[in-house]
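Participant: model this:
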Amino acid sequence: MGCASCSFKKIHSENQDVLPSNIFGSRTAFDWLKGFPEVPGTLNIVEVRFKDNKKGFYRNSNNFDLTYDDMVTVQEPHGYDVGIVSLKGMLAEKQYLRKVTVPDIDSLGIIYRKAIGTDIKSWLDGKTLEKAALINQGKLYRKCRSK
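Facilitator: Numbering: from 1, shown residues only. Modelled structure (predicted):
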């Protein structure tokens, strides 16, 4: 069950092809209910993971037809972020109720859309700037430390 046999979709950027598994790492949850029909009446909660193993819960209020490993654009307090669907349906609901001390479905962010090329491009551009900022920070630290 390696990357050669999976059905990842490549994300085409202007400069390169990007695989979601290269950006976000390997999958951290197993879908025990795969193949079973969705249970009616479950909350529309989706667990989304981001780079560096950060995860969050979001509402699929627009009822997008999401599958595991779909890249989505989600609402964040500072704007939006791009992540990958790690759990959905009943499993995501159970995980949410287990991890959150005071569940408040209405306070969850929403999924804006499935990620499109411009979302991926701006995310990759931000990642490039992030690396340059870390290098500059290290230079400043060494400079201040040497004084």
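Participant: And the next helix or strand past the longest strand seen in the chain?
Facilitator: Longest strand of the chain, by residue count under DSSP state E: strand 79-88. Toward the C-terminus, strand 79-88 is succeeded by helix 89-99 as the next helix or strand (DSSP states H and E).
Participant: Can you list the buried residues in that next one?
Facilitator: Buried residues in helix 89-99, counted by 16 or more other Cβ atoms under 10 Å: 89-93, 95-96. To be clear about C-beta, it is placed using only N, CA and C from the backbone, and glycine gets the same treatment.
Participant: repeat for stretch 118-131
Facilitator: Neighbour-count burial for stretch 118-131 [16+ other Cβ under 10 Å]: 119-121, 123-124.
Participant: what's the answer for stretch 108-121, then?
Facilitator: 108-109, 111-112, 115, 119-121.
Participant: how about the CA coordinates for that stretch, as CSV?
Facilitator: Below are the C-alpha coordinates for stretch 108-121, written out as CSV (Å, rounded to 0.1, in the frame of the first residue of the first chain):
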residue,chain,number,x,y,z
LEU,A,108,-16.1,25.8,13.8
GLY,A,109,-14.6,27.3,10.7
ILE,A,110,-16.1,26.3,7.3
ILE,A,111,-14.7,24.7,4.2
TYR,A,112,-14.7,27.3,1.5
ARG,A,113,-14.0,25.0,-1.5
LYS,A,114,-11.8,22.3,-2.8
ALA,A,115,-8.4,23.9,-3.3
ILE,A,116,-7.8,25.3,-6.7
GLY,A,117,-4.5,26.1,-8.5
THR,A,118,-4.3,29.7,-7.2
ASP,A,119,-4.7,28.5,-3.6
ILE,A,120,-1.9,26.0,-4.0
LYS,A,121,0.3,28.5,-5.8
